[in-house]
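Student: Got a predicted model here, sequence first, then my questions.
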Amino acid sequence: MEYTFIEYADMHLMYGLASCNALEARRLYHEKFPSRILPNQKIFQRVDQRLRENGGQFILMRKVWGKSTDAGLRRTVHIRRN
């Protein structure tokens, strides 16, 4: 299953609201977004882990012949600090 950046962001927000409890994050996500496909708890953990490992960089994955491969494209989130 592939998710949009907005869905990943919402998953990460719910994970934070749940104090990094993936099962609680899943419950909150379903409560907030009942019409969306409900990811399993490991997805919430992976989103958090990847953000911590990669910072603001997201590697876009493309399906090629049924397999996910690195498309070589990166998006960087620039955070302005005051």
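Tutor: It's in. Since this is a predicted model, take the numbers as computed values, not measurements. Residues are numbered from 1 along each chain as shown.

Student: contacts and neighbour counts: CA atoms only from here.
Tutor: OK.

Student: What are the boundaries of the helices in the protein?
Tutor: 5-17, 22-32, 41-54 (DSSP state H).

Student: Need those helices in a markdown table (columns: mean neighbour count).
Tutor: Output for those, formatted as a markdown table (neighbours: other Cα atoms under 10 Å):
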| stretch | mean neighbour count |
| --- | --- |
| helix 5-17 | 17 |
| helix 22-32 | 18 |
| helix 41-54 | 15 |
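
Student: any chance of these in CSV, with mean pLDDT too?
Tutor: Shown next, in CSV, are the helices of the chain (pLDDT from 0 to 100):
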stretch, mean pLDDT
helix 5-17, 93
helix 22-32, 98
helix 41-54, 90
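
Student: how near is the nearest residue to residue 10 once chain neighbours are set aside to residue 19?
Tutor: Distance criterion Cα to Cα, 6 or more residues apart in numbering; nearest residue to residue 10, sequence neighbours excluded, is residue 29 at 7.6 Å. Counting by Cα to Cα, to the nearest Å, the separation of residue 29 from residue 19 is 13 Å.

Student: And for residue 13?
Tutor: 10 Å.

Student: I figured residue 22 hits residue 44, correct?
Tutor: Yes - using Cα atoms under 8 Å, residue 22 makes contact with residue 44 at a distance of 5.9 Å.

Student: so what's in contact with the two at the same time?
Tutor: Common neighbours of residue 22 and residue 44 (criterion: Cα atoms under 8 Å, 6 or more residues apart in numbering): residue 15.

Student: Near residue 39, how many residues? Count them for me, please.
Tutor: By other Cα atoms under 10 Å, 14 other residues sit near residue 39.

Student: Could you list which residues are in contact with the residue nearest to it when sequence neighbours are not counted?
Tutor: Nearest residue to residue 39, sequence neighbours excluded (Cα to Cα, 6+ apart): residue 26, at 7.2 Å. Listed by Cα under 8 Å, 6+ apart, the contact partners of residue 26 are 11, 14-15, 38-41, 44.
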